[in-house]
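> no FASTA, just this:
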């Protein structure tokens, strides 16, 4: 029989990291110990526990990691609660890679409508678990810059969460990202032991006044994205400079089951990565 | 062109059924109100030649309401994947109307585009579609609005009914092979079906919905139609029962679910409907919170989103099933008329 995209592969969880009180990062490899498949930053996979359900998650590890894949998953529903109860050694099924990636290897030119990230100064803006899909791009760009310093310009990360405890990948941010990226962190409310910035991301972005020549990648709760985009526009950024990645309910992940349809697009197949000028042509049903 | 006399039709069915499973429209029991449904042919089955359409569409043959996709054996932390796909047996569907035949092309554009849905493809490759020209199009029919000719139905074999015979024209290799295997077929003149076609066309000319306009719809009208304030009144009475989606030959959305049998897990898919609240509901929120958004999605998909991705072809074939089955008498024709007012 021909290969069927709806039939998954089996992977095994080899490591579980408790990132925040409700976010865990799961390391997954195939049963032969190798990666299940290659992906590009921003692509997703359907992860499932048979009998419980299947859900779409962004692959948070970078493709430059040749050993394993990681998924950062927030506990919020039935399937994610089950995933959070897993121990190391638990097998899961995985289908992927699914969807369109961030155009990390595309050089923006006037001919392609300046679509692409290659060679650009980048600004990453993430809220809460919204860091998960961007982490893949951040680590990809950092690794590619080590091989070829001109691959991307400077990397600026603005990341915020409800509290210090809710910052995903906090240790990696402190130990690694702050070495070669400009990192600005914020939390929503004052907290003991936090001497960094306090306040919501949209306002913080406006205060920081990032360079207008940067290409922006943004991910977080819809309300944060909305106000941050408004703030970026006030600062003078164009919609063509800003990329995001979306999340809707999905079942097939290959543009057939109809669930993630918005306008003439399917988020699973035509996205989840979109540039804001593409989104502004679609109904606001997400 | 081939022909078989009407007395010999049952012999023809028997000959087809000898080699392949044959399905055809048969009256459902003695109660006329229950309508006509596709059934496996048996010597007792009486082909409902005059019934304009079956209650449920012919999409069931290629996209069944429920199907098992894959099984899992779960043992502690271990998972085994069991690919249960098997090659489908050859089958023939006789008496498909032009609208349903056109719906297969719409389903094809979804399921046969990359990555191909092998479940659908398997059945599509093994199924031979024999269409029948409509001798009595009904007042709920409006296939001509979408460029479908009920007198010239597509399919592997097209058939026409005359007073004393059934005429057959093969359109594909599959169709030719089938006709060649049927010894009781006689040769007929190439223009033998003209009288039957003319009769059908004369009825089509008189149908009340033949002037329904599609001018206000299409991929280029996306934001304009989405923002229309008419959706509120159109959707107000919608019960969200999803019947329209289930009888619709072009509705192709599905759900994937797992069933724990106690001995393993069966992953199956089943028809789903964008008219249902939990179609898009997640733990994180609901992008279509009221029936207005769900109702709008269904019609926008058929009249705007689908044509935007398919060279202007609409996602409706005008079979009229939704008009007959909706409990509040709402349907795509009312939607098109209301939205088209003042624009057409």
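Arrived safely, thanks for sending. Just so it is clear, the structure is predicted and the values come from calculations on it, not from any experiment.
> from here on, contacts and neighbour counts on C-alpha atoms
Noted.
> For the residue nearest the centre of chain A, give me its contacts.
Chain A has residue A:133 as the residue nearest its centroid, 1.1 Å off, counting by CA atoms, centre = their mean. Applying CA atoms under 8 Å, 6 or more residues apart in numbering or on different chains to residue A:133 gives the contacts A:41-42, A:58-60, A:219, A:245.
> Pick out whichever of those residues sits closest to residue B:153.
Residue B:153 has its nearest neighbour among those in residue A:245, at 44.3 Å by CA to CA.
> Please enumerate the strands of the stretch 151-300 of chain B.
For the stretch 151-300 of chain B, strands defined by DSSP state E, counting those that start in this stretch occupy the ranges B:157-161, B:165-170, B:186-187, B:254-260, B:265-271.
> Which positions within the first one qualify as buried?
Okay, so that is strand B:157-161. Neighbour-count burial for strand B:157-161 flags B:157-161 (criterion: 16 or more other CA atoms under 10 Å in any protein chain shown).
> Residue B:304: what secondary structure?
Following DSSP: H, G, I helix; E, B strand; the rest coil, we place residue B:304 in the helix state.
> So what's the residue count around it?
When neighbours are counted by other CA atoms under 10 Å in any protein chain shown, residue B:304 registers 27.
> How about residues contacting stretch B:223-242?
For stretch B:223-242, the surrounding residues in contact (CA under 8 Å, 6+ apart) are A:281-283, B:273-276, B:291-292, B:295-296, B:300, B:328, B:330, B:335, B:338-339.
> Can stretch B:105-117 be said to contact chain A?
Yes - applying CA under 8 Å from any CA of the partner chain, one finds stretch B:105-117 touching chain A at B:110-111, B:115-117.
> Can you point out the buried residues in that stretch?
Using 16+ other CA under 10 Å as the test for burial, stretch B:105-117 gives B:106-108, B:110-112, B:116-117.
> same check, this time on stretch A:178-189
A:181, A:183-187.
> give me the subset of those residues touching chain B.
The subset of those within reach of chain B, by CA under 8 Å from any CA, is empty.
> ok, which residues in the stretch 51-200 of chain A are in contact with chain B?
Neighbours of chain B within the stretch 51-200 of chain A, by CA under 8 Å from any CA: A:51-53, A:76-77, A:89-93.
> at 10 Å instead, please
A:51-54, A:75-80, A:86-93 (CA under 10 Å from any CA of the partner chain).
> that older thread, quick one: what helix or strand has the residue nearest to the centre of chain A in it?
helix A:131-147 (DSSP states H and E).
> Which residues belonging to that helix are considered buried?
Going by neighbour count (16+ other CA under 10 Å), the buried part of helix A:131-147 is A:131-143, A:145.
> What's the per-residue pLDDT of residue B:29 here?
Looking at residue B:29, its pLDDT reads 70.
> I figured it hits residue B:35, correct?
Yes - at 8.7 Å, residue B:29 counts as touching residue B:35 under the criterion of CA atoms under 10 Å.
> Might one say that residue B:105 is in contact with residue B:250?
Yes - between residue B:105 and residue B:250 a contact is recorded at 9.2 Å, counting by CA under 10 Å.
> Tell me who's in contact with residue 221.
Let's take chain A. A:126-130, A:246-247, B:284 (CA atoms under 10 Å, 6 or more residues apart in numbering or on different chains).
> wrong chain, I was asking about chain B
Residue B:221 neighbours (CA under 10 Å, 6+ apart): B:215, B:300, B:303-305, B:308.
> Give me the neighbour count for residue 43.
Picked chain A for this. Residue A:43: 25 neighbours (other CA under 10 Å).
> Chain B, not that one
Residue B:43 sits with 10 neighbouring residues when counted by other CA under 10 Å.
> quick one: secondary structure of residue B:116?
Assigned by three-state DSSP, the conformation of residue B:116 is coil.
> ok, the closest residue to residue A:164 other than its chain neighbours to residue A:223 distance?
Among residues not flanking residue A:164 along the chain, residue A:187 sits closest, at 6.3 Å (CA to CA, 6 or more residues apart in numbering or on different chains). Relative to residue A:223, residue A:187 is positioned 16 Å away (CA to CA, to the nearest Å).
> Domain map for the chain?
All of this refers to chain A. A:9-98, A:122-245 (automatic domain parsing).
> nope, chain B
The record's domain split for chain B, according to automatic domain parsing, is B:2-206, B:219-340.
> before we move on, the earlier item: may I see the domains of chain A organised as JSON lines, with distance to residue B:12 and mean pLDDT added?
Converted to JSON lines, these look like this (distance: least, CA to CA, whole Å; pLDDT from 0 to 100):
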{"stretch": "domain A:9-98", "distance to residue B:12": "47", "mean pLDDT": "97"}
{"stretch": "domain A:122-245", "distance to residue B:12": "58", "mean pLDDT": "95"}
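> ok, residue 248 - contacts?
You didn't pick a chain, so chain A it is. By CA under 10 Å, 6+ apart, the neighbours of residue A:248 are A:56, A:259-262, A:266-268, A:272, A:285-286, B:280-282, B:284-287.
> sorry, should have said chain B
Applying CA under 10 Å, 6+ apart to residue B:248 gives the contacts B:55-59, B:100, B:103, B:242, B:316-322.
> returning to that earlier point: got CSV for the buried residues of helix A:131-147, with distance to residue A:105 too?
Shown next, in CSV, are those (distance: CA to CA, whole Å):
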residue, distance to residue A:105
A:131, 20
A:132, 20
A:133, 17
A:134, 15
A:135, 16
A:136, 14
A:137, 11
A:138, 13
A:139, 14
A:140, 11
A:141, 10
A:142, 14
A:143, 13
A:145, 12
